[in-house]
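A.B. asks: Fold the stuff below for me.
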Amino acid sequence: MKLTARIQTRGRVTLPAEVRRALQVAGGDELVFVETAPGRYEVKAEARGAALLKRRRTARLEVPVKRQLDLL
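C.D. replies: Have a look, this model is predicted:
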């Protein structure tokens, strides 16, 4: 399955509902992007509140990056 999201001019991205469900994230949760190889990132979802401790706290989603970004 392939899902896409468009980056808005200010860098915002709306995650498709299927991706939010798969990662079990909601408003206020944080996504951590970890580079696993050049041009490949792993997304880790971290629950924000103690009430969310019952659900799985991390999920993995590999997203190929088409171009190299200079972050620093």
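A.B. asks: make it CA atoms for all contacts and neighbour counts henceforth
C.D. replies: OK.
A.B. asks: And the helices in this protein, which stretches?
C.D. replies: 17-23 (DSSP state H).
A.B. asks: in it, which spans are strands?
C.D. replies: 30-37, 40-46, 62-64 (DSSP state E).
A.B. asks: in the second one, what counts as buried?
C.D. replies: Looking back up the chat, that one is strand 40-46. The neighbour-count check on strand 40-46 (16 or more other C-alpha atoms under 10 Å) flags 41-46 as buried.
A.B. asks: wait, doesn't residue 46 sit right on residue 31?
C.D. replies: Yes: Residue 46 is within contact range of residue 31, at 6.3 Å (criterion: C-alpha atoms under 8 Å).
A.B. asks: Averaging pLDDT per element, find the lowest-scoring helix or strand in this structure.
C.D. replies: Ranking every helix and strand in the chain by mean pLDDT, DSSP states H and E puts strand 62-64 at the bottom, with a mean of 59.
A.B. asks: So in terms of bridging, what pairs with residue 42?
C.D. replies: Beta bridges link residue 42 to residue 34, residue 62, judged by DSSP bridges.
A.B. asks: thought it was touching residue 31?
C.D. replies: No: Residue 42 lies out of contact with residue 31 (C-alpha under 8 Å); the separation is 9.9 Å.
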